[in-house]
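Student: pasting a predicted model and its sequence here:
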Amino acid sequence: MSSSRSRLVPSTPAAVSAGLALCALRSWVVIALVVGLTACAGACNVGVAYTGDAGSHLDAALPSDGGQPDASQLPGDGSSPLPDGAPPPDAAPLQDAFVWQDAAPTGCSAVGCEANAWCDTTTDICHCLSGFTDDGAGACVAINPGDPATRSETDMCQSWSTDHQITTPAAWTPGPNTCDPGTLAPGAIADAVAYINAYRYLCGLSPLSDDPSLNEDAQYCAIIQDQQGYLDHFPDSSAPCYTSQGAAAASSSNLALGPNHPAPTIDMYMDDSGVSSLGHRRWIINPSFGPAGIGHAGNAGCLYVFSWSNSGSPDFVAWPNQGFTPISVIPSVWSFSSSSYSLNSGTEVAVRRLSDSASLQVSTYLPPSGYGQPAIAFSPNGWSPQAGEVYEVTISDSSGPLVVYQVKPVSCP
């Protein structure tokens with residue numbers, strides 16, 4: 001899935017400048033948002049302790065009704081989620097994802113880049129975002145992720161190792177005063193997008209890009225979260241560094257507190273340990289998600305997720321994904337999401353280890369609706385996934401098996 005990172009002729013105004021290095025990671029906190037709930041009693045904060053690191057928390061973007069959110073869709077209107085996803089267009093052909101193409105510097109810091117590209121301010125050259133490649137005519141087009149069940153271990157690991165890395169560690173430059181949201185280095189934004197698209201590729205989903213206006217909204221959200229020192233989807237007007245722009249973005253974003261770079265927050269969202277809704281994860285691997293808004297200030301991050309213009313809607317999305325998958329990011333709670341199958345209290349999950357045909361025990365539950373696609377969650381009970389094994393997952397209802405797929409954990413070099 002990795003992009004060719006082709007150099008392109010830019011054509012739109014640039015928005016962000018390079019940043020400076022910050023301190024090492026400390027404790028992490030995350031919030032995932034839900035919209036479309038009936039009125040909350042009390043504080044309306046659905047934060048849950050993030051068990052992956054002491055002092056960390058998770059909370060997911062509040063359930064939505066499937067459309068572009070506005071004030072009427074926030075908790076209290078009782079709206080019901082609509083089906084996610086759009087009919088798939090003709091898929092772009094898979095192209096060589098690892099070839100650099102040479103071109104003379106183009107001065108992108110002055111005039112910006114085409115869609116689905118970012119400006120490397122150290123070289124003044126545009127590159128395709130991860131998940132996109134140069135079509136030969138100066139445009140970055142989406143790479144077809146293909147069927148994850150048919151990928152080779154080598155191809156999966158090569159793509160994962162290329163895209164799941166931080167290339168710009170100096171992420172954020174503070175502004176001239178405390179409440180100025182500062183700027184994120186374009187490379188740090190590209191890193192966060194690469195992390196998102198690395199996971200979406202594993203799941204067989206179309207890549208997404210970031211949007212400058214959503215990035216700005218998310219940046220104002222991030223400075224509020226950082227300055228108040230805790231996460232809140234609905235900050236009060238008395239909150240430090242409050243702006244209506246930042247508050248609106250907070251109500252439409254996954255929130256994180258801890259990392260000093262936006263990319264690691266994506267790992268936190270996808271893990272979702274201790275978050276029964278699995279809301280962070282479900283927003284990121286929602287087929288229609290995109291474009292994203294990336295904001296980060298200090299140790300706080302906002303990922304704008306209420307944007308649904310992406311294409312493609314597979315029958316199901318599994319995490320960990322079907323086919324080969326990096327064992328390093330397999331979560332404690334697995335999930336199966338689908339708008340094609342009815343997932344309800346009668347849905348059953350069975351897991352079999354193929355090496356010895358052992359039936360493995362799992363604990364299952366239905367996460368609340370409204371976070372992307374409907375889902376069923378299940379976790380290993382008395383066993384742990386091992387690299388080199390193959391786990392066959394069967395999703396069934398009273399009529400019999402609905403879906404059977406295989407998860408193949410591997411240790412990527």
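Tutor: Sure, I can see it. Computed from a predicted structure; not experimentally measured.

Student: strands of the stretch 301-413 of the chain, residue ranges please.
Tutor: Along the stretch 301-413 of the chain, counting by DSSP state E, counting those that start in this stretch, strands occupy 317-319, 323-326, 334-337, 348-353, 358-360, 362-365, 375-380, 391-397, 400-410.

Student: for the ones you listed, give me a markdown table that also has distance to C126, mean pLDDT and mean neighbour count.
Tutor: C-betas here are computed from N, CA, C, even on glycine. Below are the strands of the stretch 301-413 of the chain laid out as a markdown table (distance: least, CB to CB, whole Å; pLDDT from 0 to 100; neighbours: other CB atoms under 10 Å):
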| stretch | distance to C126 | mean pLDDT | mean neighbour count |
| --- | --- | --- | --- |
| strand 317-319 | 31 | 98 | 27 |
| strand 323-326 | 29 | 98 | 23 |
| strand 334-337 | 34 | 98 | 24 |
| strand 348-353 | 45 | 98 | 17 |
| strand 358-360 | 48 | 98 | 12 |
| strand 362-365 | 46 | 98 | 14 |
| strand 375-380 | 37 | 98 | 20 |
| strand 391-397 | 41 | 98 | 18 |
| strand 400-410 | 34 | 98 | 16 |
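
Student: possible to save those strands as TSV with distance to S307?
Tutor: Formatted as TSV, the strands of the stretch 301-413 of the chain follow (distance: least, CB to CB, whole Å):
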stretch	distance to S307
strand 317-319	18
strand 323-326	26
strand 334-337	18
strand 348-353	31
strand 358-360	38
strand 362-365	28
strand 375-380	20
strand 391-397	29
strand 400-410	28
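
Student: which one of the ones you listed lies closest to A198?
Tutor: strand 323-326 (9.4 Å; CB to CB).

Student: tell me what that closest one is packed against?
Tutor: helix 153-163, strand 400-410 (3 or more CB pairs under 8 Å, 6 or more residues apart in numbering; DSSP states H and E).

Student: nearest to V333, of these?
Tutor: Closest to V333 of the helices and strands packed on strand 323-326 is strand 400-410 (CB to CB; 13.6 Å).

Student: can you name every helix or strand that that closest one contacts?
Tutor: helix 153-163, strand 323-326, strand 391-397.

Student: about what we covered before: do you know which of the strands of the stretch 301-413 of the chain lies nearest N260?
Tutor: Judging the strands of the stretch 301-413 of the chain by CB to CB, what sits closest to N260 is strand 323-326, at 23.6 Å.

Student: and the closest one, how far out from the chain middle?
Tutor: Strand 323-326 sits 18 Å away from the centroid of its parent chain (CA atoms, centre = their mean, to the nearest Å).

Student: picking up where we left off before, output the helices and strands packed on strand 323-326 as CSV; include the columns distance to C128.
Tutor: Formatted as CSV, those follow (distance: least, CB to CB, whole Å):
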stretch, distance to C128
helix 153-163, 12
strand 400-410, 27
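
Student: next one: the most centrally placed residue in the chain from C203, what distance?
Tutor: Centroid check for the chain by CA atoms, centre = their mean gives I284 as the closest residue, at 3.5 Å. Distance, I284 to C203, by CB to CB, to the nearest Å: 9 Å.
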